[in-house]
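J.: build me a model:
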Amino acid sequence: MNIKEQYSVMFTNYPDIINIEQMRDMLGGISLTLAYRLIKENQIKAMKIGRQYKIPKANIISYIINNNDNISEEDF
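T.: Residues are numbered from 1 along each chain as shown. So this is what the prediction gives:
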């Protein structure tokens, strides 16, 4: 599945633009420090509007898909 197809089935209960707290939840409850590090290191692209980060949901899906290469079927 490509990102467009994934977008229509993944995280349907989240808005198209999310905040840090929603991103943390989507990524399994990661720490606030890790969430900011992923943005700072540009692993997840985000926009800073005022004092808040806004993250397109597509960027979270892309991050998950692109980092899924490290997981093999043997891990399950």
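J.: wait, residue 20 sits on residue 33?
T.: No. With contact defined as Cβ atoms under 8 Å, residue 20 does not reach residue 33; the gap is 11.1 Å. From N, CA and C alone the C-beta is placed, and that goes for glycine too.
J.: looking at the two, which has the bigger crowd around it?
T.: residue 20 (16 against 8; other Cβ atoms under 10 Å).
J.: quick one: contacts for that one?
T.: Contact partners of residue 20, counting by Cβ atoms under 8 Å, 6 or more residues apart in numbering, are 32, 35-36, 52-53, 55.
J.: try it again at 7 Å.
T.: 35, 53 (Cβ atoms under 7 Å, 6 or more residues apart in numbering).
J.: likewise residue 5?
T.: With contact set as Cβ under 7 Å, 6+ apart, residue 5 has no partners.
J.: in terms of helices and strands, where is it?
T.: In the assignment (DSSP states H and E), residue 5 maps to helix 3-9.
J.: how about that helix: buried residues?
T.: Using 16 or more other Cβ atoms under 10 Å as the test for burial, helix 3-9 gives residue 7.
J.: next: stretch 30-45.
T.: 35, 38-39, 44.
J.: what do you get for stretch 12-20?
T.: Buried residues in stretch 12-20 (16+ other Cβ under 10 Å): 18, 20.
J.: begin at 13, not 1, for the rest of this chat.
T.: Sounds good: first residue 13 from here, last item stretch 24-32.
J.: and that stretch, what's its mean pLDDT?
T.: If you average the pLDDT over stretch 24-32, you get 95.
J.: ok, now which ones touch the residue nearest to the spatial centre of the chain?
T.: The residue lying closest to the centre of the chain (Cα atoms, centre = their mean) is residue 72, at 2.3 Å. Contacts of residue 72 were listed using Cβ under 7 Å, 6+ apart, and they are 35, 38, 56.
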